[in-house]
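In: Pasting a predicted model and its sequence here:
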Amino acid sequence: MTLKSEPVIVNVGPQHPSTHGVMRLRVAFDGELVTDAEMIIGYLHRGSEKLAEERTFTQVVTLTDRMDYVAAMTNNQAYILAVEKLAGIEPTPRGVWLRMISAELQRIASHLIAIGFLMQDLGAMGTPLMYTMREREDIMDMFELMCGARITNSYHRPSGVFQDAPPELWPRLEAFLVEMPGRIDEYEQLISGNEIILSRMRGIGIISPEDMINASITGPMLRAGGVDWDIRHQQPYEYYDRVEFDRPIMDESDNYARYLVRVYEMRESLKILRQCIDQIEPGPARDPEVPFVIRPPKGDAYVPIEGPKGELGFYLVSDGGISPYRCKVRPPSLLNLTLLREMVIGLPMAAMIVTFGTVDINMGEVDR
Amino acid sequence: MIGLGLLNGLIVTMKAAIRGPVTVQYPDRRVGLLGAARELGMSPFQFLVKRPKDAVKAAAGFATVEDKIAQGPRFRGQDFNWYEDRCTGCASCAKFCPLGIIEIVTSPSDTLKSQGEVYNIDVFDIDIGRCMFCGICVEVCPYDALHMGSGFELGTYERKDLVISVDALRTKKNTPSTWFRPQLEETAYNPHSGESRPWTEVGRHEQPTDEELNERWVDER
Amino acid sequence: MGTNFLDNSFFRNIYCNLSKSDDIRCSGGGWLGDGILPAGFEWLAFLITAVVMAMVLINLVLGSVLIFIWAERRLLGRFQSRSGPNRWGPYGTLTPVADAIKTMFKEDIVPTAADRWVFNAAPIVMMVPATMVLAVIPWGTGTFLADLNIGILFIIAITSLSTFAIVMAGWGSQNRYAMFGAMRAVAMLISYEIPMALSLLGVLMLAGSLSLVSVVNAQDVPFILVQPLGFLVFFIASIAEINRAPFDVAEAESELGAGYHSDYSGMKFGLFLNAEFMATILSAAVIVAVFLSGGRGWSFIPSQGWFIIKMIPVLFFIVWTRAAWPRMRIDQILTFAWKGLIILAFINVAVSAILSFVWPDPTMRELWFMVAINFGVLIVSVMAVGAWFGPQGASAPNMSHGDALPRPRPAGQPSGGDS
Ligand code: SF4
Ligand code: SF4
């Protein structure tokens, strides 16, 4: 005889320690097991895309900061690349290198946050989170030197960056590059081999590569499923064709793979940073001829970049005016989240939280 | 072997504990008896004998020293720095602020055109309660009159206190941030040193001499 | 009436001053004269002494809770590369006091939908087992309230009472998160009672008594050496019993908010917290009494001092694991208890039975033989049980350490190719 019981409906979120913001999940539980899950988003909707339509092209940079607020630099970069393509602006070489340096630093910072909060979801009392925040703090300090702000940077401008990096930056960056590999090893020592973490993350939250491609999931999540898709390599933008780097790929497609791919991507980012420092050339960081108010010709442009969370792109339409006619964002967080229901059904509650954590979303970007 | 990963975790945390804290006890750090004596440059024994009261206080954990990390010179912070002598009242800053939070009201002044005609600034309100410190107002100011501030300790009891008025801007000691001001950076100026800069030294261009001014402002009437 | 506590001079003073007892240890009476109370009132003297003793002990433990909270927060801070509480008092020592005051003055909210009686009773029920265990712990030579001849059984029986409190809190709150937490706690506590009790069987065979005092007296060699496997099982089980990391699933803050006490505020929440910390301290005390030879040590430190000194590393380790390890999942915790710990405990029982059959009255030399044999058994059995029954992923051969762990391959390499 099997006993049948009513499912328990629990609202996980919008105010919940592990929903990474204001995400709401209505979950039906059978005991501890998830039988159904429904995502409800929109609690952080600020209408950024609409706001962009009544601001000049340069002013919109400040809005992109606030979409994925743990990776503002890459948001800036994606937007600026679209503007440059739309208006046919040629960036200065030094500006491009500086944009790449800031984007790679931001990728490390974003992955640090992803790993730290993932461990928090696993119940690690904040220790790994504190360690990752400690290193993120170095990156934030460097951002402060570069552009005066730590999180909402607004550093990139059409044709480069708004101001050349100060000379104090380079020794700090050098020290960071020397120190960081050891710190990553330390995380791995703390996390990667831990039996509790292995037993909680391996073989959980598996999703097939076909499903991921069909749902247009990108980024580390896709690479953890064995698909070699990295826009920096496949469709190089900026000067990514002048640097050499590896794309870490795993075939397991489980939570552990997603975690480990992020760790290895941080190492690759360090490699890219080293090459950027070696290749950066003197010159203006920005073309002084490009005015503050740009009037691109009629047309549209879409440039995808490899953000820390996946393919990030801005689709801009211009009607010849000073502000975009339409600004559409392709947010990796939202699209990576689409298969969450399929991933968590049948898992226990704790595993659901961890799976949600490995997707690495940012509600600012999901709701925009 | 099973358990090695758990052991590694213990080792890493212990290493971190031995390395000691990396955090800063903002705004001030509690120092014990030894720390307080070191701050004063005495040996603890001297400290006990010479200033017993302070020594007891320090031993009870009530002695503090300031503990802050300096922001970078480009730090975009609260308290805009505004030089009235440079400002023409063009309102570019108000126009290009993405949030539209700068309010400027001007009136014609008595200054003759030949003396460099400027407007009286009657109102120059910046509602920093809504400001996102993006710095675009500074970027677009054609005369380098507006600069970002460099502070961050922004706390008031009422929202209306967050509106910076023209009087506040006038009387404030100006320590401009070097954000988007390469000319300040070239002089190795650090706003956190507390040194203020007069209006003649913050501009992008050389200050024109009187002859040049006369040449430029030919009375067309 | 058990009057063993007369071994302790502090209590002897109170008792002998009050009563005209003819106990040999009271000969000469107290310093107040030969007993204040008239003859025949020895029971009253005993009552007063017992109440005073209980008050002293409970308050000492409550005070040590404050110290422990402070020490734990400082230590966690150090492990996490930050400094921990440092604002109130020297090195933040007054922080728990400030916290206690704050907790007391907070508004006490009872949710509308809550079952008022059950909701309000739960924190009190939670405190009962924590304070009752106090009675049987020998804090030093002669420093105990009662030398029950079933002391260990008493501890095991009383600690399982806290299950009631947790269920009451979870049920009374009418909150699904609280209910989840309570259900997890019940499943876990019930599962871990068994290995906990089993692991003590070996100790009982060696000591020949259930009384904690005799267990302490039997430890010429601390039982942690003679019974390493039993110690391991007991330590893990007691961490689970007191709901601490990595077994803190009942209040898993990343999943359940705060678990069974999500809806409590003010002093009721304070009681839950207090009971948990008391349970931590008491479980460390039990471990010291049963496995670390209690208050025995060189005589230049009083036995109570030895007891406390021995508790410190145990508590330190408990805090350390909390900083270093993440939480386990509830189903893995149960699997771990039933498939791992219970088997280890049975192995320990079997080995101890054989050893105590071979050497019914071991000499020192034979005791050290037992130590060697038991450590061999520990290593072999942990590895074997870990390999066969361990939680999924943690110990299966393909999931152990080193090169067997999956590593990302560089792009372009075919999958399956070893990188
Ligand atoms: S501060 Fe600058 S932009 Fe604003 S009104 Fe004055 S001169 Fe114009
Ligand atoms: S910093 Fe940005 S938001 Fe603030 S006043 Fe200037 S332009 Fe407006």
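Out: Cool, the structure landed. Residues are numbered from 1 along each chain as shown, chains lettered A, B, ... in the order given. Ligands and ions are numbered 1, 2, ... in the order given.

In: Looking at the residue nearest to B:Ala60 when sequence neighbours are not counted now. What's its pLDDT?
Out: Leaving out its chain neighbours, the residue that sits closest to B:Ala60 by C-beta to C-beta, 6 or more residues apart in numbering or on different chains is C:Pro90, at 5.7 Å. C-beta here means a position set from N, CA and C on the backbone, and glycine is covered the same way. Listed pLDDT for C:Pro90 reads 76.

In: ok, now A:Glu268?
Out: Note on A:Glu268: pLDDT of 87.

In: just the one 3 residues further on next, same as before
Out: The predicted local distance difference test score for A:Lys271 is 88.

In: so it sits in a helix?
Out: Yes. Assessed by DSSP: H, G, I helix; E, B strand; the rest coil, A:Lys271 belongs to a helix.

In: where's it relative to A:Ala175, distance?
Out: As for A:Lys271, its distance to A:Ala175 is 17 Å (criterion: C-beta to C-beta, to the nearest Å).

In: Just want to know which of those two has more residues nearby.
Out: With neighbours defined as other C-beta atoms under 10 Å in any protein chain shown, A:Lys271 and A:Ala175 compare such that A:Lys271 has more, 16 against 11.

In: Not counting sequence-adjacent ones, nearest residue to A:Arg267?
Out: Distance criterion C-beta to C-beta, 6+ apart; nearest residue to A:Arg267, sequence neighbours excluded, is A:Ile184 at 6.2 Å.

In: On the three-state scheme, the one you found is what?
Out: Per three-state DSSP, the secondary structure class of A:Ile184 is helix.

In: can you give me the helices in chain B?
Out: Secondary structure of chain B (DSSP state H): helices located at B:4-19, B:33-40, B:44-50, B:52-59, B:92-96, B:136-140, B:166-171, B:182-186, B:210-216.

In: Compare the mean pLDDT across those and name the weakest.
Out: Note on the helices of chain B: helix B:210-216 shows the lowest mean pLDDT, a mean of 67.

In: For residue 309, what is the enclosing helix or strand?
Out: Picking chain A for this. Assigned by DSSP states H and E, A:Lys309 falls within no helix or strand.

In: Chain C, not that one
Out: Using DSSP H and E, C:Ile309 maps to helix C:303-324.

In: tell me the domain ranges of chain B?
Out: Domain assignment for chain B, taken from automatic domain parsing, gives B:24-69, B:77-206.

In: For the residue nearest to B:Ala60, list the residues it contacts.
Out: Residues near C:Pro90 by C-beta atoms under 8 Å, 6 or more residues apart in numbering or on different chains: B:32, B:59-61.

In: So for the most centrally placed residue in chain B, what's the nearest residue that isn't a sequence neighbour?
Out: The residue lying closest to the centre of chain B (C-alpha atoms, centre = their mean) is B:Ser150, at 1.4 Å. With C-beta to C-beta, 6+ apart as the criterion, B:Ser150 has its nearest non-adjacent residue at 4.0 Å, and that residue is B:Pro191.

In: Name the single longest strand found in chain B.
Out: Longest strand of chain B, by residue count under DSSP state E: strand B:119-127.

In: interface residues of chain B facing ligand 1?
Out: B:87-93, B:104, B:141, B:143, B:145-146 (C-beta under 6 Å from any ligand atom).

In: and those residues as CSV, adding distance to chain C?
Out: Rendered in CSV, the data for these read as follows (distance: C-beta to the nearest C-beta, whole Å):
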residue, distance to chain C
B:Cys87, 44
B:Thr88, 50
B:Gly89, 48
B:Cys90, 49
B:Ala91, 47
B:Ser92, 45
B:Cys93, 41
B:Ile104, 44
B:Cys141, 41
B:Tyr143, 46
B:Ala145, 43
B:Leu146, 38
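
In: what's the closest of these to B:Asp79?
Out: Distances from B:Asp79 to these, taken as C-beta to C-beta, are shortest for B:Leu146 (11.8 Å).

In: The closest one: how many residues sit nearby?
Out: Neighbour count for B:Leu146, taken as other C-beta under 10 Å: 24.

In: Pull the distance from stretch C:295-307 to the chain's centre.
Out: Chain-centre distance of stretch C:295-307: 21 Å, with C-alpha atoms, centre = their mean, to the nearest Å.

In: Quick test: name the residue nearest the centre of chain C.
Out: Nearest to chain C centroid, counting by C-alpha atoms, centre = their mean: C:Ser283, 1.4 Å.

In: returning to what we had before: most neighbours per residue, which of the helices of chain B?
Out: Compared across the helices of chain B, helix B:136-140 shows the largest average neighbour count, a mean of 22 (mean count of other C-beta atoms under 10 Å in any protein chain shown).

In: What parts of the stretch 251-368 of chain A come near chain B?
Out: Contact residues, the stretch 251-368 of chain A versus chain B (C-beta under 8 Å from any C-beta of the partner chain): A:Phe292.

In: can you give me the strands in the stretch 251-368 of chain A?
Out: A:299-306, A:311-318, A:326-330 (DSSP state E, counting those that start in this stretch).

In: Rebuild those as CSV, extending it with mean pLDDT.
Out: Output for the strands of the stretch 251-368 of chain A, formatted as CSV (pLDDT from 0 to 100):
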stretch, mean pLDDT
strand A:299-306, 89
strand A:311-318, 89
strand A:326-330, 89
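
In: which one of these has the most crowded surroundings?
Out: By mean count of other C-beta under 10 Å, the strands of the stretch 251-368 of chain A have strand A:311-318 as the most buried, with a mean of 23.

In: Quick check: A:Ile151 vs ligand 2, distance?
Out: Here A:Ile151 is placed at a distance of 15 Å from ligand 2 (C-beta to the nearest ligand atom, to the nearest Å).

In: In contact with that residue: list those residues for me.
Out: Going by C-beta under 8 Å, 6+ apart, A:Ile151 touches A:65, A:69-70, A:72, A:140.

In: tell me the SS of it?
Out: coil.

In: Thanks a lot, catch you later.
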